[in-house]
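> Predicted coordinates and the sequence they were generated for:
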Amino acid sequence: MPRTRLSIALYLVLVFASGILVGVVSNRLYATSTASASSSPRNMSEFRKRYLDGMRTRVGASEPQIEAITKQLDETKQKYDDLAAMEQPLHDKIQEDHIQAIKSLLSPQQNVAYDNWRAERARAKAAQQPQKK
């Protein structure tokens with residue numbers, strides 16, 4: 001039975017469409033599986049858990065060693081927290097100098113708009129940050 005041009009065209013469209021569909025689905029599946037497998041920790045407690053799991057499984061640390069490592073992690077975190085607390089006044093001073101320099105360039109009406117804009121940004125930033133426990 002001879003095939004018409006229309007049926008041949010239909011078969012070609014179906015073959016190419018199914019190839020595109022398979023390609024899209026497989027790409028989506030690959031992208032999802034690789035992204036979830038290599039995702040970075042979202043917070044410090046997740047980082048600590050992964051770090052200690054790695055020390056157990058990859059390095060072979062014993063439970064007494066894990067306890068000592070945990071203590072060392074706590075001490076290191078405290079040192080970083082102390083450093084951040086010491087740097088905070090300098091950071092705040094630089095930020096305030098920046099704000100004053102910007103305000104000196106603006107008109108009084110622009111200063112009001114600038115203050116409102118900064119307040120909006122501060123509220124948006126506070127809404128995005130997770131609540132600390």
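Looks like it came in fine.
> how far away is the spatially most central residue of the chain from K71?
Nearest to the mean C-alpha position of the chain, counting by Cα atoms, centre = their mean, stands R42 at 6.8 Å. Separation of R42 from K71 (Cβ to Cβ, to the nearest Å): 24 Å. Backbone N, C-alpha and C define where each C-beta goes, glycine included.
> now swap in A122 and tell me
Counting by Cβ to Cβ, the gap from A122 to K71 is 37 Å.
> same check, this time on A101
45 Å.
> Could you do A119 as well?
Applying Cβ to Cβ to A119 and K71 gives a distance of 43 Å.
> How about D82?
17 Å.
> ok, now I8?
In terms of Cβ to Cβ, I8 sits 74 Å off from K71.
> Over to G23?
Counting by Cβ to Cβ, the gap from G23 to K71 is 52 Å.
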